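J.: Return a 3D structure for these sequence lines:
(2 chains)
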There are 2 protein chains.
Amino acid sequence: MTQQTDEKDFLAHYDSQQFEQLSVTTDLLIFSISDVKTDNYRKLPEKMMSVYLIKRSQFPCKDKWSLAGGFVHPNETLEETAKKVLKQKINLDNLYLEQLYTFDKIDRDPRTRILSVGYMALVNRKELPSGIQQSNNWFNIQQTDSGLILKNEQQPDMIFDLSNENCLAFDHAHIIQVGLNRLKNKIEYTDLAFHLVPHEFTLTELQNVYEAILGKKLLAPAFRRVIKSRVQPTGHTTTGSGHRPSALFYYAGDKSII
Amino acid sequence: MTQQTDEKDFLAHYDSQQFEQLSVTTDLLIFSISDVKTDNYRKLPEKMMSVYLIKRSQFPCKDKWSLAGGFVHPNETLEETAKKVLKQKINLDNLYLEQLYTFDKIDRDPRTRILSVGYMALVNRKELPSGIQQSNNWFNIQQTDSGLILKNEQQPDMIFDLSNENCLAFDHAHIIQVGLNRLKNKIEYTDLAFHLVPHEFTLTELQNVYEAILGKKLLAPAFRRVIKSRVQPTGHTTTGSGHRPSALFYYAGDKSII
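T.: Next comes the predicted model:
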């Protein structure tokens, strides 16, 4: 580089190609709570986490299931790319998004070196368009004795064992596990879990969400003591469905800062 | 794209230039605990966090202070780049590193669009080469009524106000604040703080580290109750320095998995 006299002059002559550049994608972990109830074994949570996957129609990894993702363009922030992917590939808007981690294994993509910035979207399934609610893209996340498996909600014989790192396209089995761990850690000290319930919810519904994320049953009295300061009664109760009416609550904090 | 008959054929013809690529750097937040004691005001921690900065000698942002950083090459993982930067720019090896966040503001670098993956290094200052321990690159992080400031340890009149986003090169003032917040959240549910103390430490030293990160005084009996399960007495005590001897402890967990 020749001697530069000032910064403007330096920038006018800067050639971004002098440094090697990389391909960068964002991949979206869309998590929700499944409506499918587990068999009522003792100590298993009643609800399960689920993740939205897409079957790839193109090379590479054609016909494998994958997270929704897309390339980051130089004029986009990472979150803008993530939102564009959600809109273009699944027609979803306005989801809660947070950056998870940047995945960088050298050979994670067979095309070329591609970094992927993982984003996590937490959605309340009932607020989605019914076509997406009912789609065969949702996979339940189940804890088994040998580890985590994904089970397609519509076709329960379609099962992927997450301990097999090639069960999904690219390193997406790994990304899902990293996202689940982040969520487990964060629900203890943030209010992230409230993104997964409707605006009005019963304390049992809320407890189901915590249990689904943590993968274990919680004691109701202890749970209610911990959660009390973060919820307010709406004054309404549930109706119908053959159960006793339950009090409905709303989230009393500020979801935008959690 | 023409019709591909199989994945191998597809990959043989893949042109990574068909998608726009980006420049990517890693920037290193090197945190330590300062040896400088604060004035003994009530309720202020006795020790402070400090961060290692480098004065830029080249354009852009020439003469501004910045985090150590470097471009990611296609054949390196992000952590490999981070380690290379530590070695080449500061001659440091074997530090505890963790990925923090990927910073993506469109205009964060005046040269071109550059993503930066922040890495956090936590070091025990006393284990560093003495030239680095004594260097004028360490800035104390102090909480004031109007927010966080950085104060050079050797030249206390060199002060940067982190609420001024241009006080350091690029978006590095912002990256430091994100790193501090991450650390504050994580020391409550991980054992990260143990990277910042020597192999053998007194409980007061350990409490000083927690207080420096949290930016507030803790009550010793409560702190000792919480920390008890994670430390073991070495059987030794401190000697000299005009104080009563204090029992020395070691970390009883596995730092490699925190």
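J.: so what's A:Gly253 up against?
T.: By CB atoms under 8 Å, 6 or more residues apart in numbering or on different chains, the residues touching A:Gly253 are A:Asp191, A:Phe194, A:Arg230. For the C-beta atoms, the positions are set from N, CA and C on the backbone; glycine is no exception.
J.: One more pass at 10 Å, please.
T.: A:Thr190, A:Asp191, A:Phe194, A:Ser229, A:Arg230, A:Val231, A:Gln232 (CB atoms under 10 Å, 6 or more residues apart in numbering or on different chains).
J.: do A:Lys87 as well
T.: A:Asp93, A:Asn94.
J.: State the three-state secondary structure for it.
T.: Secondary structure, DSSP: H, G, I helix; E, B strand; the rest coil: A:Lys87 is helix.
J.: ok, so what distance separates it from A:Ser66?
T.: Counting by CB to CB, to the nearest Å, the gap between A:Lys87 and A:Ser66 amounts to 18 Å.
J.: pLDDT at A:Lys37, what is it?
T.: pLDDT recorded at A:Lys37 is 63.
J.: Surely A:Gln143 is in a helix?
T.: No. Under three-state DSSP, A:Gln143 falls outside any helix and is assigned strand.
J.: Identify the bridge partners of it.
T.: Taking DSSP bridges as the rule, A:Gln143 bridges to A:Leu148.
J.: pretty sure it is touching A:Gly215, no?
T.: Yes. At 4.9 Å, A:Gln143 and A:Gly215 qualify as touching, with contact defined as CB atoms under 10 Å.
J.: what helix or strand does the nearest residue to A:Ser57 once chain neighbours are set aside sit in?
T.: Take A:Ser57 and drop its neighbours on the chain: the residue closest to it by CB to CB, 6 or more residues apart in numbering or on different chains is A:Asp63, 8.0 Å away. According to DSSP states H and E, A:Asp63 maps onto no helix or strand at all.
J.: With chain B as the reference, measure out to A:Asp63.
T.: Remark: distance between A:Asp63 and chain B (CB to the nearest CB, to the nearest Å) = 10 Å.
J.: And that residue, what's its pLDDT?
T.: At A:Asp63, pLDDT is 94.
J.: Distance of it relative to A:Asp109?
T.: In this view, A:Asp63 and A:Asp109 are 17 Å apart by CB to CB.
J.: Between these two, which has more neighbouring residues?
T.: A:Asp109 (20 against 10; other CB atoms under 10 Å in any protein chain shown).
J.: my guess is that one meets A:Ser66, correct?
T.: No. The criterion here is CB under 10 Å, and A:Asp109 misses it with A:Ser66 at 11.0 Å.
J.: Name all residues that sit in contact with those two at the same time.
T.: A:Ala169, A:Phe170.
J.: So what does A:Ala82 look like in phi/psi?
T.: Backbone torsions for A:Ala82, taken as degrees, to the nearest 10, come to phi -60, psi -40.
J.: same question, A:Ile227
T.: In this entry, A:Ile227 is assigned phi and psi values of phi -90, psi -10 (degrees, to the nearest 10).
J.: Leaving out the residues flanking it, which one is nearest to it?
T.: Spatial nearest neighbour of A:Ile227, chain neighbours left out: A:Leu206 (6.6 Å); criterion: CB to CB, 6+ apart.
J.: Please report how far A:His73 lies from B:Arg125.
T.: Taking CB to CB, one finds A:His73 at 42 Å from B:Arg125.
J.: If you count surrounding residues, which of the two has more?
T.: The neighbour count for A:His73 versus B:Arg125, taken as other CB under 10 Å, is higher for B:Arg125 (17 against 14).
J.: tell me the contacts of that one?
T.: For B:Arg125, the contacting residues are B:Ser32, B:Ile33, B:Ser34, B:Asp35, B:Ser50, B:Tyr52, B:Ile132, B:Gln133, B:Gln134, B:Trp138, B:Leu196, B:Pro198, by CB under 10 Å, 6+ apart.
J.: just the buried members of those residues?
T.: Burial by neighbour count, judged by 16 or more other CB atoms under 10 Å in any protein chain shown, picks out B:Ser32, B:Ile33, B:Ser34, B:Ser50, B:Tyr52, B:Ile132, B:Trp138, B:Leu196 from the contacts of B:Arg125.
J.: Among the residues you listed, which ones are in helices?
T.: B:Ile132 (DSSP state H).
J.: Of the buried ones among the contacts of B:Arg125, which pair is most distant in space?
T.: Pairwise distances across the buried ones among the contacts of B:Arg125 peak at 15.5 Å for B:Ile132 and B:Leu196 (criterion: CB to CB).
J.: which residues of chain A score low on pLDDT?
T.: Where chain A drops to pLDDT under 70, the residues are A:1-5, A:36-44, A:240-242, A:255-258.
J.: Repeat the analysis, applying 50 as the threshold.
T.: Scanning chain A for pLDDT under 50 picks out the ranges A:1-3, A:257-258.
J.: which residue ranges form the strands in it?
T.: A:23-33, A:49-52, A:54-55, A:65-66, A:68-71, A:96-103, A:114-122, A:138-144, A:147-152, A:159-161, A:231-237, A:247-251 (DSSP state E).
J.: mind checking which of those strands is nearest B:Thr202?
T.: Checking these against B:Thr202 by CB to CB gives strand A:96-103 as the closest, at 35.6 Å.
J.: and that closest one with strand A:23-33, angle?
T.: Between strand A:96-103 and strand A:23-33, the angle comes out at 130 degrees (axes from the mean of the first three to the mean of the last three CA atoms, to 10 degrees).
J.: tell me which parts of the stretch 101-250 of chain A are close to chain B?
T.: Contact residues (CB under 10 Å from any CB of the partner chain) of the stretch 101-250 of chain A with chain B: A:101-106, A:109-115, A:117-118, A:185-186, A:188-190.
J.: go with 7 Å
T.: Selection of the stretch 101-250 of chain A residues close to chain B by CB under 7 Å from any CB of the partner chain yields A:101-102, A:104, A:106, A:110-113, A:115, A:117, A:185, A:188-189.
J.: could I get the residues you listed as JSON lines with neighbour count and distance to B:Leu180?
T.: Output for those, formatted as JSON lines (neighbours: other CB atoms under 10 Å in any protein chain shown; distance: CB to CB, whole Å):
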{"residue": "A:Tyr101", "neighbour count": "19", "distance to B:Leu180": "19"}
{"residue": "A:Thr102", "neighbour count": "22", "distance to B:Leu180": "20"}
{"residue": "A:Asp104", "neighbour count": "24", "distance to B:Leu180": "24"}
{"residue": "A:Ile106", "neighbour count": "11", "distance to B:Leu180": "31"}
{"residue": "A:Pro110", "neighbour count": "16", "distance to B:Leu180": "39"}
{"residue": "A:Arg111", "neighbour count": "17", "distance to B:Leu180": "38"}
{"residue": "A:Thr112", "neighbour count": "15", "distance to B:Leu180": "36"}
{"residue": "A:Arg113", "neighbour count": "21", "distance to B:Leu180": "32"}
{"residue": "A:Leu115", "neighbour count": "25", "distance to B:Leu180": "25"}
{"residue": "A:Val117", "neighbour count": "25", "distance to B:Leu180": "22"}
{"residue": "A:Asn185", "neighbour count": "14", "distance to B:Leu180": "18"}
{"residue": "A:Glu188", "neighbour count": "14", "distance to B:Leu180": "20"}
{"residue": "A:Tyr189", "neighbour count": "12", "distance to B:Leu180": "16"}
